[in-house]
Each structure stands twice: as structure tokens, then as C-alpha cells.
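Engineer: Have a look; sequence and predicted model below, questions after that.
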Amino acid sequence: MSTAYTELTCNELQEKLNKRESVKIIDVRAARSFERGHIKGAINIPYSSWSKTPKLSAEEEVVVICYVGMISPKAAERLTHSHSKVYNFKGGMAQWQGEIETVRVGSKWSVERSYNLLLGFVLLLTLPISFLSPWLGIGFSSFIGLGVILFGVTNNNIITKIFRSYGCK
């Protein structure tokens, strides 16, 4: 096994990808940075989570990439202990000029979760009303509760449509 990694430029990596060579791209940036944009097909294993070197197939060519090329050399050096073909992408994602994939950041919030948050907020607003007039507060809360039950049963309401229009699933 080799004891050092090889530097790889943007053109060299693009050439490997165009030839459809079996290359595993490991992006060592934080998950948030990875979600904003990464090389198509890359796997996110943040370097900050490397208490142990990740287990990868020893025969695979591995390309390590970070944001500007500061962290990936450390990760590439660690991988050379278990892999013979390790490359460090010189300059990081800041130098990449090829195709980029993104992950929708807002997709973690489901419509139901957003709906429940909005509902909880509206019900919380009824609390001051109940201090002013208990019957009005109870009546308002009951009205909202009835609406929630109807919308929940029919699963067809304006709030769900609004949330879905903003990309929530």
C-alpha cells in the first residue's frame, strides 16, 4: 500500500468521471455545506465525525474533497493507511467547475409538523383571551379544535396547500 496520497486537479477528476471510472468521492465538509452543493454522487462523511477512519472497500479509488483544500489532505493521509489509491482534490469545492447536486434544506419539515407548529401557536394565542373572558377563550379554543379535527379527517385544507406550495412534504 502507498503511504501518500496523490493530488488531483479539477480537470483530472472530471476526466475520471467522464470515463465512468469507479471512483468514490468522499466529501468531508459539514452536512450543511454538503446540502448546499456537492459533486454528483459524492458521499458525505464529515471529517469532524472521524473518530475512526471510515470503512471503505480497499480496492476502490477514493477522492477526498473539502471546501478549499485545508481538511481533505488530513483525511486523505488517514485513508492512505488502509487504501492504496487515495486522491486529494486540490482546492476543494471552491475549485470544482463541474455538475453540482444540492439537497433541499427545507425538506426535513413535513406538512404535519409545520401544521402542528402553526396550530400550537394559534392555540397559545387563545390563552390571553381566556384570561379576559373564560367563556370566549374556551369557545375560541373549541372552534380551533373543531377545525383541526375536520381538517385532520379530510386531509384537505388551505394550510396544507400553503405549506406544500413552499416545498414541505
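Structural biologist: Yes, it's here.

Engineer: Give me the nearest residue to His81, chain neighbours excluded.
Structural biologist: Thr53 (7.0 Å; Cβ to Cβ, 6 or more residues apart in numbering). (C-beta placed from N, C-alpha, C; glycine too.)

Engineer: which residues touch the one you found?
Structural biologist: When contacts are counted by Cβ atoms under 8 Å, 6 or more residues apart in numbering, Thr53 touches Arg78, Leu79, His81, Ser82.

Engineer: same thing but at 10 Å, please
Structural biologist: By Cβ atoms under 10 Å, 6 or more residues apart in numbering, the contact set of Thr53 is Ile45, Ala75, Arg78, Leu79, Thr80, His81, Ser82, His83.

Engineer: how many neighbours does the fifth one have?
Structural biologist: Which is Thr80. With neighbours defined by other Cβ atoms under 10 Å, the count for Thr80 comes to 19.

Engineer: follow-up on the earlier one: now the contacts of Thr53 as a markdown table including secondary structure, pLDDT and distance to Ser57?
Structural biologist: Output for these, formatted as a markdown table (DSSP: H, G, I helix; E, B strand; the rest coil; pLDDT from 0 to 100; distance: Cβ to Cβ, whole Å):
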| residue | secondary structure | pLDDT | distance to Ser57 |
| --- | --- | --- | --- |
| Ile45 | coil | 92 | 14 |
| Ala75 | helix | 94 | 17 |
| Arg78 | helix | 92 | 16 |
| Leu79 | helix | 91 | 12 |
| Thr80 | coil | 90 | 15 |
| His81 | coil | 86 | 15 |
| Ser82 | coil | 84 | 10 |
| His83 | coil | 85 | 9 |
